[in-house]
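Trainee: Everything below, folded, please.
(one chain, ligands or ions: 2)
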Amino acid sequence: MIFYKTKEEIELLSKSNELVSLTHAALVPFLKPGVKTIELDKIAEQFIRDNGGIPGFLNYNGFPNTLCISVNEQVVHGIPGKYELQEGDVVSVDCGVLMNGFYGDSAYTFEIGEVKPEVKKLLQVTKESLFKGIEMAVKGNRIGDISYAVQFHAESNGFSVVRELIGHGVGRNLHEAPEVPNYGKRGRGPLIQEGLVIAIEPMINLGRKDVVQKNDGWTILTRDGKPSAHFEHTIAIVDGKAQILSNFAVIESLLNKK
Ligand code: MG
Ligand code: MG
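Mentor: Numbering: from 1, shown residues only. Ligands and ions are numbered 1, 2, ... in the order given. Reported below is the predicted structural model:
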């Protein structure tokens with residue numbers, strides 16, 4: 001069952017998502033070679049708590065940390081640890097916050113120093129795919145219109161779409177109905193209506209679409225070992241159109257100053 005949100009609930013969801021994006025922004029100064037991913041996790045946890053939130057992923061289905069940090073061939077659900085970021089890495093940071101009873105959920109893939117041109121293009125196209133999907137998130141369309149737009153943009157640029165992990169409704173639960181796949185057919189799936197709040201989150205691979213799970217029980221990796229990218233926004237349908245509740249501008253204004 002889909003829980004459609006009131007304007008008041010969307011206001012609370014907006015605050016939770018804004019804190020997620022500010023958490024991403026708080027990490028930017030630390031995203032450089034030599035930093036351990038567990039250090040990023042601790043910075044994020046403290047930042048969320050200092051701002052009145054609760055880390056949304058910590059202990060969710062037993063996940064051990066605040067952030068999912070997935071480097072290079074890791075697609076999503078990477079567990080922070082002793083790994084030190086290196087020049088040329090790409091790092092997907094997925095963050096969730098619970099505040100005032102509502103979740104925020106957003107992901108951004110960062111470049112560490114200079115990355116290979118084909119990997120830079122992967123990140124660019126993945127982010128564009130997200131926005132192509134958001135453009136289709138209007139009242140009267142269907143979820144399949146979002147899915148198709150994401151898939152078409154990724155595949156027409158020569159990349160592949162992960163099938164096993166998908167976007168989702170967001171609200172009092174981190175994951176709720178409807179499912180929002182990153183592949184599919186136009187005109188299919190649930191109707192998009194006022195008050196719908198969903199996370200759209202393309203996971204796009206440089207090589208083949210196939211993934212495997214690491215024996216830590218969490219980390220998802222590309223089967224061919226090639227890099228993957230992940231960008232995620234939580235959006236709400238307000239006055240018939242998508243309002244983006246998370247915010248890349250606060251992250252990118254800092255990246256541009258680096
Ligand atoms: Mg997420
Ligand atoms: Mg999500």
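
Trainee: residues near Glu176, how many?
Mentor: With neighbours defined by other C-beta atoms under 10 Å, the count for Glu176 comes to 18. The way it works is simple: take the backbone N, C-alpha and C, and place the C-beta from them, glycine included.

Trainee: Phi and psi next, for it.
Mentor: When read as degrees, to the nearest 10, the backbone of Glu176 gives phi -140, psi 180.

Trainee: again, but for Val150
Mentor: Val150 adopts backbone torsions of phi -60, psi -50, taken as degrees, to the nearest 10.

Trainee: Equivalent analysis for the one 5 residues further on, please.
Mentor: Geometry field for Glu155 lists phi and psi as phi -70, psi -30, criterion degrees, to the nearest 10.

Trainee: That one - how many residues pack around it?
Mentor: By the criterion of other C-beta under 10 Å, Glu155 has 16 neighbours.

Trainee: That one: what's it in contact with?
Mentor: Val161 (C-beta atoms under 8 Å, 6 or more residues apart in numbering).

Trainee: from the chain's centre, how far out does the helix or strand hosting Ala26 sit?
Mentor: Using DSSP states H and E, Ala26 falls within helix 7-27. Chain-centre distance of helix 7-27: 13 Å, with C-alpha atoms, centre = their mean, to the nearest Å.

Trainee: How about stretch 163-172?
Mentor: 10 Å.

Trainee: give the contact list for Gly96.
Mentor: Gly96 makes contact with 20, 55-57, 60, 103-105, 174, according to C-beta under 8 Å, 6+ apart.

Trainee: hmm, back to that, got the buried residues for the helix holding Ala26?
Mentor: 9-10, 12-27 (16 or more other C-beta atoms under 10 Å).

Trainee: Likewise for stretch 248-258?
Mentor: Within stretch 248-258, the residues scored as buried using 16+ other C-beta under 10 Å are 248, 250-251, 254.

Trainee: same question, stretch 72-82
Mentor: Burial within stretch 72-82, assessed by neighbour count using 16+ other C-beta under 10 Å, is assigned to 72-80.
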